[in-house]
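> What follows is a predicted protein model with its sequence.
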Amino acid sequence: MMATGVRVFLLLLWTTDTPQGAGVQVLPPVNFTLRVSALAQVLLHWEPNPAQEHNNSTIRYDVKILSPVPEEYDTRRTHSVRTAALHDGFSACVRTLLLQEDLEISSDWVEAKLPPLPGAAGTSVTNLSCVTRVTIPGNVSLRCAWLPGQGAPEDTKYFLFYRYETHTEECPTYTKDKWNRNTECRFSGTQMKPGEIDKLIVIHINGSSPRAAIKPFQQLFNQNAIEKVNIPRNISISLQQNDLLATWEKPISPFHEECFEYEFYLINLKSGNKQILRIPSNSFQVQVDVSSRYSVRIRANHNHICRAPGLWSDWSEIIYVGQNKLENSTAWILTLLCVSTSCTFLLVAMICKINHVWSKLFPPIPTPSNKFRDPFPVDYERARTCTSSTETEVGSLADGFSCSVLDDSVF
């Protein structure tokens with residue numbers, strides 16, 4: 001009798017712990033397919049299992065993206081669109097979720113795959129980087145640069161396309177390397193909307209070569225992350241007593257003033273001290289040494305209030321303010337002394353030349369006359385042309401004169 005009571009108790013306990021939907025069969029979806037609907041875009045589609053019984057239950061679908069980037073979500077629809085780089089393939093799976101009151105029951109997974117894009121390994125571009133910029137209100141430019149694949153032949157031709165929402169466009173202007181391969185692309189204007197937040201930009205680069213099959217490459221960029229902010233405008237720097245005052249206007253952008261932050265680069269040219277200060281507004285005041293000269297530059301970026309920060313703008317042109325008073329005085333004195341000395345020396349030289357002072361101060365040294373004959377005549381035969389009286393120690397005046405003339409003509 002006791003054993004029968006234990007069996008009844010265990011039966012009741014098992015019935016209480018058993019889910020109400022344990023007897024409901026949940027079947028996986030059918031006809032699950034993946035189709036490329038645009039650049040780097042996949043359409044996932046499936047159908048409910050026709051044998052699935054509803055029994056007043058709610059049916060949803062659990063979708064799991066396996067590659068290239070794992071993701072999981074659920075939906076009541078029988079289709080889904082996902083944007084992803086497809087050059088290395090795409091895979092996903094889906095299952096049925098049956099919701100009955102507070103109970104959720106799932107089916108087995110159904111999986112589908114897209115193969116990698118065709119092409120030889122190592123021929124895809126590498127190091128792809130892109131930058132956007134608001135050139136004028138309402139217009140966004142795009143510039144992308146890359147390196148050719150290490151396995152790509154030298155005659156490879158690369159071609160870039162960008163997709164923004166439903167618009168796709170090929171690059172109109174390329175820059176080439178020394179092998180005449182496209183390695184940079186510029187769009188002066190695009191269909192991108194300035195001021196958009198978290199919009200994806202798809203970049204697709206394929207190629208061709210007679211010697212190899214070039215594998216395409218795709219990459220996704222967040223519009224916020226690659227936008228390079230413009231330089232602040234109308235910068236004004238001034239000194240008032242011991243304070244340096246700076247004001248400027250926000251960059252060209254659809255965002256309001258409060259959406260920007262700035263960096264202020266200050267250099268004391270006298271001491272060499274440098275400072276980079278983060279400024280949340282478009283004005284700044286700092287105490288400085290008025291006897292020094294300073295250089296100032298400013299750049300801008302978005303702040304977290306309106307959107308995720310992108311790329312800092314370029315630095316503005318250098319603005320100089322103040323002067324090194326002591327150094328400037330010394331420089332002027334030295335310059336004046338040099339100029340005065342040079343002018344004085346030049347004036348004295350001109351006066352001396354005009355009045356022949358140099359010839360008077362330093363007259364030429366006279367050349368002594370040749371009163372002695374050379375005791376060693378050069379030409380013995382010519383020496384003998386003199387009269388015999390020259391061979392004697394005392395001769396006539398006429399004979400001595402004729403020899404002197406002959407000697408002078410030789411030397």
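Received the coordinates, thanks.
> Now for Pro254: which residues touch it?
Val134, Pro137, Gly138, Pro194, Gly195 (CB atoms under 8 Å, 6 or more residues apart in numbering). Quick note: C-beta positions are derived from backbone N, CA and C, even for glycine.
> Serialize those to JSON lines and add fields for secondary structure.
Shown next, in JSON lines, are these (DSSP: H, G, I helix; E, B strand; the rest coil):
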{"residue": "Val134", "secondary structure": "strand"}
{"residue": "Pro137", "secondary structure": "coil"}
{"residue": "Gly138", "secondary structure": "coil"}
{"residue": "Pro194", "secondary structure": "coil"}
{"residue": "Gly195", "secondary structure": "coil"}
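> Just give me the least confident of the residues you listed.
Minimum pLDDT for those is recorded at Pro137 (80).
> thinking it is in contact with Lys193, fair?
No. In this structure, Pro137 is not within contact of Lys193 by CB atoms under 8 Å, at 11.5 Å.
> Tell me what Ile279 is bridged to.
For Ile279, the beta-bridge partners under DSSP bridges are Tyr262.
> neighbour-wise, which of Pro137 and Lys193 wins?
The residue with more neighbours, out of Pro137 and Lys193, is Lys193; 13 against 10, by other CB atoms under 10 Å.
> what about that one, which SS state?
coil.
> Does it touch Val140 like I think?
Yes. The pair Lys193 / Val140 is scored as a contact, 7.5 Å apart, by CB under 8 Å.
> Kindly reformat the contacts of Pro254 as TSV containing distance to Gln218.
TSV is the format used below for these (distance: CB to CB, whole Å):
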residue	distance to Gln218
Val134	25
Pro137	31
Gly138	28
Pro194	24
Gly195	26
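> Show me the shaky parts of the stretch 301-411 of the chain.
324-336, 338, 340, 348-349, 352-411 (pLDDT under 70).
> With the chain instead?
1-23, 324-336, 338, 340, 348-349, 352-411.
> how's it carved up into domains?
23-114, 126-226, 233-323 (automatic domain parsing).
> Relative to Ala120, which of the ones you listed is closest?
Closest to Ala120 of the domains of the chain, according to CB to CB: domain 126-226, at 5.0 Å.
> Between the two ends of that closest one, what distance do you get?
17 Å (CA to CA, to the nearest Å).
> Stretch 184-197 too?
26 Å.
> what about Tyr162, neighbour count?
Tyr162, neighbours per other CB under 10 Å, totals 24.
> Can you classify it by secondary structure?
Three-state call for Tyr162 (three-state DSSP): strand.
> Please name the residues that touch it.
Applying CB under 8 Å, 6+ apart, the residues near Tyr162 are Leu142, Cys144, Thr168, Glu169, Cys171, Phe187, Thr190, Ile201, Val202, Ile203, His204.
> try it again with 7 Å
Going by CB atoms under 7 Å, 6 or more residues apart in numbering, Tyr162 touches Leu142, Glu169, Ile201, Val202, Ile203.
> before we move on, back to that, which one of the contacts of Pro254 has the most neighbours?
Highest neighbour count within those: Val134, with 21 neighbours (other CB under 10 Å).
> how near is it to Thr173?
Taking CB to CB, to the nearest Å as the measure, Val134 falls 19 Å from Thr173.
> Just give me the closest of the contacts of Pro254 to Asp88.
For these, the nearest to Asp88 is Pro194 (32.2 Å; CB to CB).
> and that closest one, backbone torsions?
phi -70, psi 140 (degrees, to the nearest 10).
> In this structure it contacts Thr135, no?
No. Using CB atoms under 7 Å, Pro194 is not in contact with Thr135; the gap is 9.5 Å.
> residue ranges of the strands in the stretch 1-150 of the chain, please?
Taking DSSP state E, counting those that start in this stretch, the strands of the stretch 1-150 of the chain run over residues 30-38, 41-47, 58-67, 71-75, 79-83, 90-100, 103-106, 110-114, 126-136, 139-147.
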